[in-house]
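Visitor: here's a sequence, model it:
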Amino acid sequence: MSASRLERLQEREDKDIKTVKESPSLPLSELKKSLKKEQAEKENYAFLALEDNIWYYRDRQNLPRGPCPLNSLRMAWINGIIDENTIVWGQGLEEWVPIRNVSALPALIRNFE
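Guide: Reported below is the predicted structural model:
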């Protein structure tokens, strides 16, 4: 079974972090570049984590719905079933929170690709 995009990105991130830690003699400019790259990859990792997550949401009657992929949330958004105030839960969240409080999720839902 092949690794998911999320797993591959995590493995690459772990490898890059290990490389930076094992190279304390890097010039400051190179270290800054490595750290910028690391930050960009972490943001990309978070973005992919949102895309690959399985979501649950509470409808207007407060009934839990799901599990559903991000694409189902997009369709619910298009059809007016959910909005930024809808509470959701997904892997990595400790509790149910409004969509607007999950970093990058509103942008992903509005992206109708």
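
Visitor: how many neighbouring residues does Asn78 have?
Guide: Small correction: residue 78 is Ile, not Asn. 12 (other C-beta atoms under 10 Å). C-beta: built from backbone N, CA, C; applies to glycine.

Visitor: mind listing the helices for the protein?
Guide: Secondary structure of the chain by DSSP state H: the helices cover 5-21, 28-52, 70-78, 105-110.

Visitor: in this structure Cys68 contacts Asn53, no?
Guide: No: Cys68 is beyond contact range of Asn53, at 10.1 Å (criterion: C-beta atoms under 8 Å).

Visitor: mind checking which of those two has more residues around it?
Guide: In terms of neighbours (other C-beta under 10 Å), Asn53 is the more surrounded of Cys68 and Asn53; the figures are 20 against 17.

Visitor: show me the contacts for the more buried one.
Guide: Asn53 makes contact with Leu70, Gly90, Gln91, Gly92, according to C-beta atoms under 8 Å, 6 or more residues apart in numbering.

Visitor: what sits opposite the second one in the beta ladder?
Guide: Bridge pairing for Gly90 (DSSP bridges) gives the partners Trp55.

Visitor: hang on, it packs against Trp55?
Guide: Yes: counting by C-beta under 8 Å, Gly90 does reach Trp55; the two are 4.6 Å apart.

Visitor: common neighbours of the two, please.
Guide: Counting by C-beta under 8 Å, 6+ apart, nothing touches both Gly90 and Trp55.

Visitor: re earlier: let me know the closest of the contacts of Asn53 to Gln61.
Guide: Gly90 (20.6 Å; C-beta to C-beta).

Visitor: and the closest one, how far is that from Ala76?
Guide: 14 Å (C-beta to C-beta, to the nearest Å).
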